[in-house]
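Asker: how would this look folded up:
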Amino acid sequence: MFKDREEAARLLAEKLKHLKSEDLVVLAIPRGGVVVGKILAQTLKCPLSVMVVRKLGAPGNPELAIGAVGPDGVSIIDWELARQTGADNDYIEDMIAEKKREIEERLKIFQKKPPDLANKVVILTDDGIATGATTEAAIAWIKMQKPNKIVLAVPVAPPETVEKFKNLVDELFVLEMPAFFSAVGQFYQEFPQIEDEEVNPGKKYEKTRHNVGFMAVDELARKWAKGEVIWEDNKKFKSVIYHPSPDILLIKPQTYMNNSGMAVVSLANFYQVGGDDLWVIHDDLDIPVGRIKIAKGKGTAGHHGVASIVQALSSVDFVRFRLGIARPNIDNPDKFVLMPFLPTEKDEVRKMIKQALLAIKVALKDGVEKAMNQFNR
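Answerer: Numbers count the residues shown, from 1 in each chain. The predicted structure follows:
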């Protein structure tokens, strides 16, 4: 029994550390698998992408999988089970067409284009496997991409399912194989529903409260460029980068928000920066809209992106420009941070970003301590 997906992922990551030297990509099956995949990718310091697969449910029993569909129309059908449940060819063809449309829509949410898996070691993961239909469809699609190796890694699966996959992948890692298995969720103390927005906010969320840090960086780039800003799309560092001067580098990580540390640590190591030379601009629920604060060497205050950076760097010794987005009067603010600012707040947000840019100007000219004394009032 695992406490939650995060604990299961950390235990699973320990089993995969021998793969660190490989050219890796983690593919996670949404939605719960992405929670596991984020931690695997962060531990192994490799890219994370989403493997969108849809189950084909039986007539009158959509939870019973008679097959699955993956990207590019790849499908796996259990014909014997399909016949037993009354699923004829017309039903299966209609379901495949419907699921293909769903996959196209979900790919628009999760990612711009499928990852390049050629000659890579691909780690496929989920929060668990039951019948294995979706996993089998995912593997079929991955094989078409000609990877160097396929590794299947999940926290829990029944023994008969594990046995089926032994000959389908190059390496297989399963932490628990209980004989009595009814559903993946029974092996977790906490098994909350994961929303699409928690997997990857996507382009339609770029002007939300959670992305106010990027808004500030964009405005900073425009001020320094005094014209068009040309961002360099740097795949090596999983970021878009702008050099306003030889001594200053602006970056916007293109990883998942909660996996920002992967991009930051790569850049920090390459440029040999840290401490007063590494500045992070981010949203903060505990500060009212319109206010900013500057911190150094502090905790994460529950911000998952900052926590990812702290974990990747193994240090809190960097500078943070915290931009207020105001905590809502609800227990779970996850959806709130993915909402846009209210029309009545937009003037305050513009002033706040202007204030943040002024604080950065002071910090560059007179030092971080001077800026903290001036703006943390």
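
Asker: buried sites along stretch 348-365?
Answerer: Glu348, Val349, Met352, Ile353, Gln355, Ala356, Leu357, Ala359, Ile360, Val362, Ala363 (16 or more other Cβ atoms under 10 Å). For every residue, glycine as well, the C-beta is placed using N, CA and C.

Asker: Next: stretch 144-154.
Answerer: So for stretch 144-154, counting by 16+ other Cβ under 10 Å, buried means Gln145, Pro147, Lys149, Ile150, Val151, Leu152, Ala153, Val154.

Asker: Pull up the distance across that stretch, start to finish.
Answerer: Using Cα to Cα, to the nearest Å, one end of stretch 144-154 lies 22 Å from the other.

Asker: oh, and call the first residue 28 from now on, that's how I've got it
Answerer: Fine by me, first position is 28 from now on; the one you just mentioned is stretch 171-181.

Asker: Show me how far it is from its chain's centre.
Answerer: 20 Å (Cα atoms, centre = their mean, to the nearest Å).

Asker: which residues sit against that stretch?
Answerer: Here stretch 171-181 makes contact (Cβ atoms under 8 Å, 6 or more residues apart in numbering) with 39, 42-43, 46, 49-50, 63, 67, 99, 101, 141, 143-156, 162, 166, 169-170, 192, 195-202.

Asker: and after the host helix or strand of Glu33, which helix or strand comes next?
Answerer: For Glu33, the host element (DSSP states H and E) is helix 32-42. Downstream of helix 32-42, the next assigned helix or strand under DSSP H and E is strand 51-55.

Asker: Paired strands for that next one, with orientation please.
Answerer: Sheet pairing for strand 51-55, assigned by DSSP bridges, gives strand 75-77 (parallel), strand 148-152 (parallel).

Asker: now it against helix 32-42, angle please.
Answerer: 150 degrees (axes from the mean of the first three to the mean of the last three Cα atoms, to 10 degrees).

Asker: So for strand 51-55, mean pLDDT?
Answerer: Average pLDDT, strand 51-55: 93.

Asker: Distance from the chain centre to it, please.
Answerer: That offset, for strand 51-55, works out to 11 Å (Cα atoms, centre = their mean).

Asker: Only alpha carbons, please: show the helix or strand just after it as CSV.
Answerer: Sequence-wise, the next helix or strand downstream of strand 51-55 (DSSP H and E) is helix 59-71. Provided in CSV are the C-alpha atoms of helix 59-71 (Å, rounded to 0.1, in the frame of the first residue of the first chain):
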residue,chain,number,x,y,z
GLY,A,59,-2.4,9.9,-12.7
GLY,A,60,0.6,8.6,-14.6
VAL,A,61,1.9,12.1,-15.1
VAL,A,62,2.2,12.6,-11.3
VAL,A,63,4.5,9.6,-11.3
GLY,A,64,6.3,10.6,-14.5
LYS,A,65,7.2,14.1,-13.2
ILE,A,66,9.1,12.6,-10.3
LEU,A,67,10.8,10.0,-12.4
ALA,A,68,11.9,12.6,-14.9
GLN,A,69,13.1,14.9,-12.2
THR,A,70,15.1,12.2,-10.5
LEU,A,71,16.6,10.9,-13.7
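
Asker: got the angle between helix 59-71 and strand 148-152?
Answerer: Per the same axes, to 10 degrees, the angle that helix 59-71 makes with strand 148-152 is 140 degrees.

Asker: quick one: helix 59-71 to chain centroid distance?
Answerer: That offset, for helix 59-71, works out to 8 Å (Cα atoms, centre = their mean).

Asker: I am finished for the moment; much appreciated.
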